[in-house]
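Chemist: 3D model of this:
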Amino acid sequence: MENLNDIPEDQELSQKPSVHFKLGKRKLKEDKSEGIMKRIPKDAEATTVLVGEVDFLDQPAMSFIRLATGTILDNFTEVPVPVRFIFVLLGPSGDMDYLEIGRSISTLMSNENFHEVAYKADCRQDLLGAINEFIDDSIVLPPGEWDKDLLLPILRHQNRKVKKRQEARRKKEEETATDKGELVQQIDPLERTGILFGGLYNDIKRRYPFYLSDITDAFNVQCCAAFIFIFFACLSPAITFGGLLGEKTNNWMGVSEMIFGTALCGIVFALFSGQPLMIIGATGPVLIFEENLYSFCKSSDIEDLYLEFRGWIGIWILIITIFVIAFEGSVMVRFFTRFTEEIFALLISLIFIYEVFKKLSKIFSKNPLLSLDLYCEHYDNASTTESPYMLSTDMYYENTTSLTSSSNTSDCTTFSEEKHGEPNTAFMSVILTFGTFFIAYFLRIFRNSRFLGKHGRKMLGDFGVPIGILIMCVFDYVVPYVYTEKLQVRGGFNPTDPCKRTSWFVNPIKPLQDGRLDLVFVLAAAVPAGLVFILLYMEALITSLIVNKKDNKLKKGSGYHLDMFLIGILAFVCALLGLPWMTAATVRSVTHIGSVSTFSKTTAPGVKPKLDKIYEQRVTNLLVNALIGLSILLGPVLSQVPLTVLFGVFLYMGISSLSGIQLVERIECWFMPVKHHPDAMFVRQVRTWRMHMYTFIQVVCLLMLWIIKVTPAALAFPFFLILLVPVRSAVGRIFSPSELEALDNEEQEVTETEDEYGETYMPI
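Modeler: Predicted coordinates:
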């Protein structure tokens, strides 16, 4: 064996790198799946920058080489990544800093736009043009210590300029495109074609060729996990809205109708829609409209014909939908800006919160907190069956069982029996309501905490509402001697109240033939049909805009006209079956998008992962709604859920949805010094008094809508909502375009703690 001490110094230096390289190469091959290789994409290619000083050159010599294919060059990179570009700079010793030039080339190649040009460049001029664009997009700062808070506004402004330049470049490429097949994909779905049903035809032509892949793309582990999660995310609102709808409409429609309607509409929408990632279900605005419609029927002495009147409304909705789709009315959604959407969202949130306290106050009025002597006096005068508090636990269960069993018969009075003057009921209702709210709300906050792992926090936060409902239902069950009003659900596939309807089909023509319903009401049904269509239109298309935004990188296209057409048909079918009207649910749709999204795993430590792809498929939506339909068989279990638990879910929805509304942030700015205003676009680019004036206009519009809501004209509040569009147009004359871009911009500044409620500003 040769002694290393006998090797000449030059030979020793020449051999050491090769020995080191061979050992290192073997080590890298063994640990290829570990360390930094996990952070490098599989198809990544490297750029090698070599600079140095030599004595045999009189002036610098530079070479930029692009290889035909990426090649692993021994000892060129620290990790075995194929090298595609090589930059070599050699020059004589002097004042020139070759190292800084090498760093500049490395910075250029790390820029996404520049290295795309480098891949396609044919000559030196192409590279020089890309360098000029890079310099235009760069900000040069003098040396020194810079505060991060001072740099952030500059960086955001520069990012907006870059986005505008990229958008202009993209449009220019679309104009010069010659491939006809490619042009079909680039047609804006919200541009008029000038042909009857032209938008609907383009949606079908654009989306249905991907139908087979919509099925096959769902065969993966991610979609299986998403199916389980989305099922609970959709079942909880269905039960909540169903229970509250039963109370609002005196059980003409309830949990059974809500579950059946959600399943039916969801399955049809999943099979035939243009954007199957959207979730169809009950929403707050439609629920409020159902309440106002029932109040109108009750005041007009046609309460017994409530479902038949809804049937005629459904017929008019179908007519309006066909007319709107024929003339491509879906493109009008562009006139609904953030100004209108946020007023609408805040109004619904306030109504949710107000309704919870209103219901609790009614419980306190029916079951007041009295002294012990008054309770004893009440129960001395009452019959034994009316005082479960004074009975033993076994006797109470017997009484409850008889009440439940009799509810499945035709005894109408027993089914709607309601107790008064029960001790501890009011206090128990407060515990159940706020207990459900706090559990769901704090689990949502826990999702953004630093406890447990990322996936554990996310799971607890996502399932906060079902967990809150389950815990409070168990708490109510272990305290059986306190009376609480429960959901009224019949077992099996039956309507909620057998006294009001025995069949699922509603015949709107029969009461017209026997004279119980005047022709005037049939014609007048067109008015509420137009109003409810406004709600369906706004929620469906605005949700579609959120789902199809460019940041989601969807590749199979959208279907604005097709989706709206399906929702109109489903509204007609639901009216004939006596089911609640369904439309796109914004928060549930965004949650569905997040559950089927995959993010890059090759980001550097501390860097936020980028969206890799979204599984665009129909299977998860289809299976979720099919399973929701089967849950109608859980009537005996659902009948044990206290109504006050659902009040807590309502309170959670109302308060949680406030976090995504910019209007709320600007209202908060009224009550804080300027130095404590948030670092947001509407604060940085708009003078404070101008921002407050814009907020004041929105608050005035909000108060007007609230006044209309509490008056007999509440049924027409969607019409007044539409009037906000011309109000926004008038506001545009007061504020400059740059101010409106900051105050009424659809794009939001994404934060690390953002969730589904923060990402959307539409009603739940």
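
Chemist: now the helices for the stretch 151-300 of the chain?
Modeler: For the stretch 151-300 of the chain, applying DSSP state H, counting those that start in this stretch gives helices covering 180-185, 198-207, 211-216, 221-248, 255-272, 284-299.

Chemist: Pick out the shakiest of those, pLDDT-wise.
Modeler: Lowest mean pLDDT within the helices of the stretch 151-300 of the chain: helix 180-185, a mean of 44.

Chemist: thinking again about what came up before, buried deepest among the helices of the stretch 151-300 of the chain, which one?
Modeler: Scoring those by mean neighbour count under mean count of other C-beta atoms under 10 Å gives helix 255-272 as the most buried, with a mean of 24. In short, each C-beta sits where N, CA and C put it, glycine included.

Chemist: by how many degrees do it and helix 284-299 diverge?
Modeler: For helix 255-272 against helix 284-299, the angle by axes from the mean of the first three to the mean of the last three C-alpha atoms, to 10 degrees is 130 degrees.

Chemist: Show me how far helix 255-272 is from its chain's centre.
Modeler: Remark: helix 255-272 is offset 19 Å from the chain centroid, using C-alpha atoms, centre = their mean, to the nearest Å.

Chemist: Generate a markdown table for the helices of the stretch 151-300 of the chain, with distance to Ala571 as supplementary columns.
Modeler: Output for the helices of the stretch 151-300 of the chain, formatted as a markdown table (distance: least, C-beta to C-beta, whole Å):
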| stretch | distance to Ala571 |
| --- | --- |
| helix 180-185 | 31 |
| helix 198-207 | 17 |
| helix 211-216 | 24 |
| helix 221-248 | 16 |
| helix 255-272 | 9 |
| helix 284-299 | 10 |
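
Chemist: Can you tell me which of those helices is nearest to Phe463?
Modeler: Nearest to Phe463 among the helices of the stretch 151-300 of the chain is helix 221-248 (6.2 Å), distances taken as C-beta to C-beta.

Chemist: How about the secondary structure of the closest residue to Phe231 other than its chain neighbours?
Modeler: Counting by C-beta to C-beta, 6 or more residues apart in numbering, Phe231 lies nearest to Val624, which is 4.9 Å off, once chain neighbours are set aside. Classification of Val624 using DSSP: H, G, I helix; E, B strand; the rest coil returns helix.

Chemist: hang on, isn't Val624 packed against Ala238?
Modeler: No. The pair Val624 / Ala238 is not scored as a contact, 10.8 Å apart, by C-beta atoms under 8 Å.

Chemist: circling back: mind checking how far the residue nearest to Phe231 is from Ile614?
Modeler: 17 Å (C-beta to C-beta, to the nearest Å).

Chemist: So which residues of the stretch 601-750 of the chain form helices?
Modeler: Taking DSSP H, counting those that start in this stretch as the criterion, the stretch 601-750 of the chain contains helices spanning 619-630, 635-638, 643-656, 662-668, 681-684, 688-709, 717-722, 724-731, 737-743.

Chemist: wait, isn't Gly102 in contact with Val49?
Modeler: Yes. If you go by C-beta under 8 Å, Gly102 and Val49 touch, sitting 4.7 Å apart.

Chemist: okay, and the helix or strand of the protein with the least pLDDT?
Modeler: Within the chain, no helix or strand scores below helix 393-406, which has a mean of 37 by mean pLDDT, DSSP states H and E.

Chemist: quick one: the helix or strand encompassing Phe309 to chain centroid distance?
Modeler: Assigned by DSSP states H and E, Phe309 falls within helix 306-326. Centroid separation for helix 306-326 versus its chain: 28 Å, with C-alpha atoms, centre = their mean.

Chemist: so what does that helix touch, helix or strand wise?
Modeler: Using 3 or more C-beta pairs under 8 Å, 6 or more residues apart in numbering; DSSP states H and E, the elements in contact with helix 306-326 are helix 284-299, helix 519-524, helix 526-547, helix 560-577.

Chemist: how far out from the middle of the chain is the following helix or strand past the last one?
Modeler: Sequence-wise, the next helix or strand downstream of helix 560-577 (DSSP H and E) is strand 583-584. Mean-position distance between strand 583-584 and its chain equals 12 Å (C-alpha atoms, centre = their mean).

Chemist: Other residues contacting strand 583-584?
Modeler: Defining contact as C-beta atoms under 8 Å, 6 or more residues apart in numbering, one finds that strand 583-584 is touched by 278-280, 283, 286, 535-536, 539-540, 543-544, 563, 567.

Chemist: same deal with stretch 65-72?
Modeler: For stretch 65-72, using C-beta under 8 Å, 6+ apart, the contacting residues are 45-46, 80-88, 118-119, 121.

Chemist: how about the helix or strand containing Ile135: buried residues?
Modeler: Using DSSP H and E, Ile135 sits within helix 124-136. The neighbour-count check on helix 124-136 (16 or more other C-beta atoms under 10 Å) flags Leu127, Ala130, Ile131, Glu133, Phe134 as buried.

Chemist: same question, stretch 451-458
Modeler: By neighbour count on 16+ other C-beta under 10 Å, the buried set for stretch 451-458 is Arg457, Lys458.

Chemist: Rounded mean pLDDT for it, please.
Modeler: Here the average pLDDT along stretch 451-458 is 74.

Chemist: chain center to that stretch, what's the gap?
Modeler: 21 Å.

Chemist: Then stretch 122-139?
Modeler: So, by C-alpha atoms, centre = their mean, the centroid of stretch 122-139 is 39 Å from its chain's centroid.

Chemist: And the contacts of it?
Modeler: Applying C-beta under 8 Å, 6+ apart, the set of residues contacting stretch 122-139 is 64, 108, 111, 113-114, 117-118, 120-121, 154-155, 158, 161-162, 165.

Chemist: So which of those residues are in strands?
Modeler: Phe64 (DSSP state E).

Chemist: State the number of residues packed around Val731.
Modeler: 20 (other C-beta atoms under 10 Å).

Chemist: What of Asp514?
Modeler: Asp514 is flanked by 8 other residues according to other C-beta under 10 Å.

Chemist: which residues touch it?
Modeler: Under the criterion of C-beta under 8 Å, 6+ apart, Asp514 has no contact partners.

Chemist: And it, what's its pLDDT?
Modeler: Reported pLDDT for Asp514: 82.

Chemist: tell me which element Leu50 is part of?
Modeler: Assigned by DSSP H and E, Leu50 belongs to strand 46-53.
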